[in-house]
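Visitor: Structure for this input, please:
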Amino acid sequence: MRLRDTLAAGAAAWLLASGQAQTRPPDAAGLYATHCAACHGGDRIGGMGPALLPQSLERLRRAEAPSVIRAGRPASQLPGSGDRLDAAQVEALAAWIYTPVSPAPTWSERDIVASRTFDEAAAALPARPRWEADPMNLFVVVEAGDHHVSLLDGDRFTVLHRFASRFALHGGPKFSPEGRFVYFGSRDGWITKYDLWNLAVVAEVRAGLNMRNIAVSSDGRFVLAANYLPHTLALFDAELRLVRTYAAATLDGTRSSRVSAVYDAAPRRSFIVALKDIPELWEIAYDPAAEPIHDGLVHDFRMGEAIAKPGYLGVRRTPLEEPLDDFFFDPPYRHVLGTARTAGGTAAQVVNLDVRRRIASVPLAGMPHLGAGISFDWNGARVLATPNLRDGLVTVIDMQTWQRVGQVATPGPGFFMRSHENTPYAWVDAMMSPSARDAMLVIDKRTLQPVRTLRPAPGRTVAHVEFTRDGRHALVSLWEKDGALIVYDAATLAEVRRIPMNKPVGKYNVGNKLARSEGTSH
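Guide: Prediction:
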C-alpha cells in the first residue's frame with residue numbers, strides 16, 4: 001500500500017472512531033450532479049426531466065420529496081434511488097432542490113427561439129377530425145397522476161385517445177377559434193400546440209423557466225405566456241414562433257415582477273395581465289387599429305410624455321393600489337374585479353379598463369378565488385359568485401352596484417365553482433378542506449340556497465366540475481391516482497357512470513370554452 005493510501009485509511013479510521021465521519025453532511029451538490037443532472041440539467045432548469053427549482057416544485061410538498069427520490073415515479077422515467085442513497089443523502093438531495101439557484105437562472109429570447117420544435121408535416125394534415133364524435137362536445141382531460149391527457153367523447157363518455165403530456169400542466173388548456181388546436185402550458189415553461197383532429201403534436205416552445213398560464217387571442221393569431229421566472233411575458237404567433245418578450249417591470253425599469261395571470265378579453269381584442277409584485281394592471285391590444293398609448297401626463301410636453309407609443313401590441317398600464325393575484329371580468333369586459341391573496345383578507349378592487357383606474361372596492365373575507373368564479377342573472381341583476389380558498393363560503397356580488405348581495409355557507413374552503421347557462425344549479429367543491437374535501441355542494445342560482453351535498457367518494461378528494469356542451473351532464477373529478485370522472489345528470493343530480501382516470505385534475509369542454517359559457521372559466 002502506498003504511503004498516501006495508508007495515511008488516508010488511517011485518517012478515515014480515526015474519523016470513524018471519533019464519530020466525525022458520521023456527522024459530516026452529505027455533498028448535496030455532488031449528489032445532484034451524479035444522480036439528477038443528466039435529466040434535469042446541471043443548472044436545474046430541466047432537460048429530459050422537469051425543472052427542479054423551488055418555483056417549479058409547488059405541486060410537490062417538501063415532506064413528500066424524499067419518498068419520491070427514494071421510490072421514483074412509476075408512471076415516469078424517474079427511477080428510484082433508494083438502493084443507491086442512504087437516508088441522509090436522500091434528505092440532503094431533497095433540501096437541495098428546494099434551495100434557490102444563485103445566481104438566478106436566466107431564459108433569454110435566444111433561448112426561447114432555440115427551444116422551439118415544429119413538425120413541418122403538420123401543414124399537410126387534413127382539416128377534419130379523424131375520429132367520429134362531435135368536436136364541440138369533446139373534453140380535454142388533464143391526468144396529473146401520470147402526466148397524460150385523455151380526449152373524451154362528451155356524448156358517449158368514451159375515451160377517444162390518450163397521450164403523454166409535459167410535466168405539471170397548469171393554468172388550463174386554451175383552444176384555437178375553430179376548436180382544432182389546443183395549447184397546453186406547463187409549470188416549467190413549455191407550451192405545446194396539439195392538433196385535436198389529427199391527434200398529433202404540432203409545435204413546442206419553452207417560454208420561460210416557471211410559467212403561470214397562457215392565453216390565446218380570440219382571433220387565434222397570438223399566444224401570450226405569463227412567467228414567474230424570468231419576470232417576463234412572451235408573445236408567440238399561432239405556430240409558436242416568438243414575436244417579442246415584455247419585461248414585467250415598471251415604466252422606469254427600477255422594479256420587476258412575477259406575472260400573476262394573463263387572460264384574453266375577446267370583446268376588447270386584447271390581453272389583460274396582472275402583476276404579482278407591482279401594483280399595475282396591463283392591457284396589450286392585438287387589434288391593429290388600437291389607439292396610441294400615452295404614458296404619464298399627456299398634457300406636459302416638456303417631459304416628453306405626450307409622445308405616443310403604438311397601441312398595437314403595446315403595454316397600456318393601469319395603476320392600482322395593490323398588486324393582483326387573480327381577477328374576473330364583467331360580461332361587457334369593461335371592468336375587472338381583482339384581489340391580492342393576503343393572509344388577512346382584502347378588499348377586492350374594481351378597475352374600469354377604459355378610464356384605467358379603480359372605481360370601487362368590495363370587502364371580501366378570507367381568500368376569494370375570483371379566477372374560478374362564475375356569473376349569472378339573479379333577481380334582475382348580473383352577479384358574480386366566487387369560491388373561497390380559506391373560508392367555507394361562496395360570496396355573491398352584484399356587478400352593477402359592486403355590492404355583496406349574498407353568501408352561501410359551504411362544507412369547507414373550495415377551489416372551483418362551475419355552472420352552465422342551461423342549468424339552474426351551480427356546483428362548488430371543498431377540496432381545500434382537510435375534513436370535507438369529499439364534498440360537492442350544489443346551489444340553486446335562483447334562490448342562492450344549497451340544494452344537496454354530494455359525497456360520491458367518502459374520505460377522498462372531489463373537485464372541478466365541467467358540463468357537457470348542452471348542460472345536461474356535469475362531470476366531477478375524483479382527484480386521486482386511482483380516480484375517475486364521475487358523470488351526473490345535471491337535472492336530477494343522479495350519478496350516471498364513472499370513467500376511470502389517473503388523478504384527473506381538470507377537464508375542459510371545447511364548445512363551452514369557445515362559446516365562453518357563463519359557468520366556465522377563461
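Visitor: all contacts plus neighbour counts: C-alpha atoms, from now on.
Guide: OK.
Visitor: what's near enough to touch residue 395?
Guide: Shown in contact with residue 395 (CA atoms under 8 Å, 6 or more residues apart in numbering): 364, 385-387, 404, 406-408.
Visitor: Let's see that with 7 Å instead.
Guide: Taking CA atoms under 7 Å, 6 or more residues apart in numbering, we find residue 395 in contact with 385-387, 406-408.
Visitor: top of the residues you listed by neighbour count?
Guide: Tallying neighbours with other CA atoms under 10 Å puts residue 387 at the head of these, with 31 neighbours.
Visitor: I figured residue 437 was touching residue 461, is that so?
Guide: Yes. The criterion here is CA atoms under 7 Å, and residue 437 meets it with residue 461 at 4.9 Å.
Visitor: what residues do these two have in common as contacts?
Guide: Residues touching both residue 437 and residue 461 by CA under 7 Å, 6+ apart: residue 431.
Visitor: tally of neighbours for residue 458?
Guide: Residues near residue 458, counting by other CA under 10 Å, number 12.
Visitor: Can you classify the nearest residue to it once chain neighbours are set aside by secondary structure?
Guide: Excluding its sequence neighbours, the residue lying closest to residue 458 (CA to CA, 6 or more residues apart in numbering) is residue 438, at 5.7 Å. For residue 438, the assignment made with DSSP: H, G, I helix; E, B strand; the rest coil gives coil.
Visitor: same thing with residue 506?
Guide: Three-state call for residue 506 (three-state DSSP): strand.
Visitor: who's it bridged to?
Guide: In this entry, residue 506 is beta-bridged to residue 142, by DSSP bridges.
Visitor: so which strand or helix has residue 223?
Guide: strand 222-229 (DSSP states H and E).
Visitor: what's the distance between that strand and the middle of its chain?
Guide: 11 Å (CA atoms, centre = their mean, to the nearest Å).
Visitor: cool, stretch 29-39 as well?
Guide: Counting by CA atoms, centre = their mean, stretch 29-39 is centred 29 Å from the centre of its parent chain.
Visitor: Could you check that stretch and say which residues are buried?
Guide: 31-32, 36-37, 39 (16 or more other CA atoms under 10 Å).
Visitor: quick one: contacts for the closest residue to residue 169 other than its chain neighbours?
Guide: Nearest residue to residue 169, sequence neighbours excluded (CA to CA, 6+ apart): residue 186, at 4.0 Å. Contact analysis of residue 186 by CA under 7 Å, 6+ apart lists 166-170, 211.
Visitor: backbone phi and psi for residue 186, please?
Guide: Backbone torsions of residue 186, given as degrees, to the nearest 10, read phi -110, psi 160.
Visitor: neighbours around the residue nearest to residue 480 when sequence neighbours are not counted, how many?
Guide: The shortest distance from residue 480 to any non-neighbouring residue, by CA to CA, 6+ apart, is to residue 503 (4.4 Å). Counted by other CA under 10 Å, the residues lying close to residue 503 total 24.
Visitor: Then residue 155?
Guide: Around residue 155 there are 14 other residues, counting by other CA under 10 Å.
Visitor: Count residues in the vicinity of the residue nearest to it when sequence neighbours are not counted, would you?
Guide: Distances taken as CA to CA, 6+ apart place residue 137 nearest to residue 155, at 7.0 Å, with adjacent residues excluded. Look at residue 137: counted by other CA under 10 Å, it has 20 neighbours.
Visitor: so where's the chain shaky on pLDDT?
Guide: 1-23, 38-39, 42, 47-49, 55-56, 58-60, 72-83, 296-306, 342-346 (pLDDT under 70).
Visitor: So which residues of it form helices?
Guide: 3-18, 20-23, 28-35, 37-40, 65-71, 87-97, 109-115, 510-515 (DSSP state H).
Visitor: what's residue 263 in contact with, if anything?
Guide: Taking CA under 7 Å, 6+ apart, we find residue 263 in contact with 215, 271-273, 522.
Visitor: Looking at those, which one is closest to residue 258?
Guide: Of all the contacts of residue 263, residue 258 sits closest to residue 273, with 10.9 Å by CA to CA.
Visitor: my guess is that closest one meets residue 258, correct?
Guide: No. If you go by CA under 7 Å, residue 273 and residue 258 don't touch, sitting 10.9 Å apart.
Visitor: Adjacent strands (with direction) for the strand holding residue 223?
Guide: Strand 222-229 is paired, per DSSP bridges, with strand 210-216 (antiparallel), strand 232-237 (antiparallel).
Visitor: Pick the most buried one from these.
Guide: strand 210-216 (a mean of 28; mean count of other CA atoms under 10 Å).
Visitor: what about dumping the CA coordinates of that one to CSV?
Guide: Output of strand 210-216 as CSV, limited to C-alpha atoms (Å, rounded to 0.1, in the frame of the first residue of the first chain):
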residue,chain,number,x,y,z
ASN,A,210,-41.6,28.9,-14.4
MET,A,211,-44.8,29.8,-16.0
ARG,A,212,-48.2,30.7,-14.6
ASN,A,213,-50.6,30.4,-17.6
ILE,A,214,-51.1,31.1,-21.2
ALA,A,215,-53.8,32.9,-23.2
VAL,A,216,-54.8,32.6,-26.9
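Visitor: hmm, who's touching that strand?
Guide: So strand 210-216 is contacted by 55-56, 170-171, 174, 185-189, 222-229, 260-264 (CA under 7 Å, 6+ apart).
Visitor: swap in stretch 333-343?
Guide: Defining contact as CA under 7 Å, 6+ apart, one finds that stretch 333-343 is touched by 265, 267, 323-330, 346, 348-354, 367.
Visitor: Equivalent analysis for stretch 232-247, please.
Guide: Residues outside stretch 232-247 that contact it (CA under 7 Å, 6+ apart) are 113, 203-205, 207, 220-227, 231, 248.
Visitor: now swap in stretch 429-439 and tell me
Guide: By CA under 7 Å, 6+ apart, stretch 429-439 touches 389, 411-417, 440-441, 453-455, 457-463.
Visitor: For the strands paired with strand 222-229, give me CSV that also has distance to residue 487.
Guide: Formatted as CSV, those follow (distance: least, CA to CA, whole Å):
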stretch, distance to residue 487
strand 210-216, 28
strand 232-237, 37
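Visitor: re earlier: which of the contacts of residue 186 has the largest number of neighbours?
Guide: residue 211 leads the contacts of residue 186 on contacts (other CA under 10 Å) with 33 neighbours.
Visitor: separation between that residue and residue 51?
Guide: Going from residue 211 to residue 51 by CA to CA, to the nearest Å gives 11 Å.
Visitor: in stretch 462-475, what's buried?
Guide: For stretch 462-475, by 16+ other CA under 10 Å, it's 462-469, 471, 473-475.
Visitor: Give me the distance from that stretch to the chain's centre.
Guide: Between the centre of stretch 462-475 and the centre of its chain there are 20 Å (CA atoms, centre = their mean).
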